[in-house]
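Enquirer: Structure, please.
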Amino acid sequence: MSAAPLIEARDLVKTYIMGDEEVHALAGVTFTIPHGGYAAVIGPSGSGKSTLMNIIGGLDTPGGGALVINGADLGALDDAGLAGFRNRTIGFVFQSFNLLPRLTALENVELPMMYAGVAPAERRLRAGALLDRVGLGQRKTHRPTQLSGGQQQRVAIARALACRPALLLADEPTGALDTATTEEILRLFADLNAEGVTILIVTHEMDVARATHRIIEMRDGRIVADNPVPHHRAVPQGALT
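Expert: Alright, predicted model coming up:
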């Protein structure tokens with residue numbers, strides 16, 4: 001028998017009331033992501049991909065359906081339970097990096113471990129190793145304003161991995177980056193996935209989606225296509241030009 005998927009979504013529904021109108025952000029979304037998967041969710045504005053990301057990340061709750069991530073039924077968790085779930089299970093990477101400007105790169109990576117109760121010596125050691133892993137071993141004492149956009153995103157990825165999450169959830173992670181830096185970040189994601197990290201990217205850029213192994217396309221709150229990326233390979237230099 002095969003192992004249970006990391007993400008199992010069944011008939012997810014989310015409806016917002018906008019004045020007198022009902023907006024069906026999700027209208028029955030069903031899919032699974034296996035452990036070690038690498039997928040992208042794409043779609044135009046209003047397709048429901050951001051709502052889906054927020055629900056998978058435990059930042060919002062569905063109005064119907066079921067969502068199980070790494071064995072946890074999110075529908076059974078209260079606010080405190082969801083906060084604990086996010087800290088233990090999800091690593092977030094955002095378009096705007098969301099680094100604290102007064103903290104060094106090392107201190108930014110340490111922050112989620114502090115909330116998780118990791119001892120100071122352990123979190124400093126782990127943060128340093130993660131910055132080495134993303135190629136910023138010589139920038140540990142730099143603050144965000146002293147780093148390029150690509151370097152800031154690498155710090156954000158290191159921070160997302162700090163609590164050893166089951167899932168790395170990236171929301172438009174290359175949206176604020178130039179083409180060359182985008183390629184660098186996508187190569188880093190590919191390396192991390194090759195090491196076993198499960199990654200789900202939410203993006204509107206097809207070139208970014210094609211760097212993953214699978215593309216889930218959304219429109220009007222529904223999945224309209226779900227296909228493997230043919231002849232997938234690591235992103236080569238100049239692939240997105």
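
Enquirer: Averaged over its residues, which helix or strand of this protein has the lowest pLDDT?
Expert: Lowest on mean pLDDT, DSSP states H and E among the helices and strands of the chain sits helix 79-89, with a mean of 90.

Enquirer: That helix: what's the following helix or strand?
Expert: Per DSSP states H and E, the first helix or strand lying C-terminal to helix 79-89 is strand 90-94.

Enquirer: Identify all contacting residues around the least confident helix or strand of the chain.
Expert: Identification of contacts with helix 79-89 by C-beta atoms under 8 Å, 6 or more residues apart in numbering yields 57-59, 61, 69-70, 72, 74, 77, 92, 112, 115-116, 163, 165-167. Yep, even glycine has a C-beta here, placed from its N, CA and C like the rest.

Enquirer: What's the ChimeraX line that selects buried ones from the residues you listed?
Expert: Buried members of the contacts of helix 79-89, defined by 16 or more other C-beta atoms under 10 Å, are picked up in ChimeraX with:
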select :57,58,69,70,72,74,92,112,163,165,166,167
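
Enquirer: Report the buried residues of the longest helix anywhere in the chain.
Expert: If you go by DSSP state H, the chain has its longest helix at helix 179-194. Of all the residues in helix 179-194, those buried under the rule 16+ other C-beta under 10 Å are 181-190, 192-193.

Enquirer: pLDDT of it, averaged?
Expert: For helix 179-194, mean pLDDT rounds to 93.

Enquirer: Report the inter-axis angle for that helix versus strand 90-94.
Expert: Counting by axes from the mean of the first three to the mean of the last three C-alpha atoms, to 10 degrees, helix 179-194 points 170 degrees away from the direction of strand 90-94.

Enquirer: Using PDB, write out every CA atom in helix 179-194.
Expert: The C-alpha trace of helix 179-194 is given here as PDB (Å, rounded to 0.1, in the frame of the first residue of the first chain):
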ATOM      1  CA  THR A 179      15.300  37.000 -14.700                       C
ATOM      2  CA  ALA A 180      18.800  36.000 -13.700                       C
ATOM      3  CA  THR A 181      17.900  36.000 -10.000                       C
ATOM      4  CA  THR A 182      14.700  34.100 -10.700                       C
ATOM      5  CA  GLU A 183      16.800  31.400 -12.300                       C
ATOM      6  CA  GLU A 184      19.100  31.200  -9.300                       C
ATOM      7  CA  ILE A 185      16.100  30.900  -6.900                       C
ATOM      8  CA  LEU A 186      14.500  28.200  -9.100                       C
ATOM      9  CA  ARG A 187      17.800  26.200  -9.200                       C
ATOM     10  CA  LEU A 188      17.900  26.400  -5.400                       C
ATOM     11  CA  PHE A 189      14.300  25.100  -5.200                       C
ATOM     12  CA  ALA A 190      15.200  22.300  -7.600                       C
ATOM     13  CA  ASP A 191      18.200  21.400  -5.400                       C
ATOM     14  CA  LEU A 192      16.100  21.400  -2.200                       C
ATOM     15  CA  ASN A 193      13.400  19.200  -3.800                       C
ATOM     16  CA  ALA A 194      16.100  16.800  -5.000                       C
END
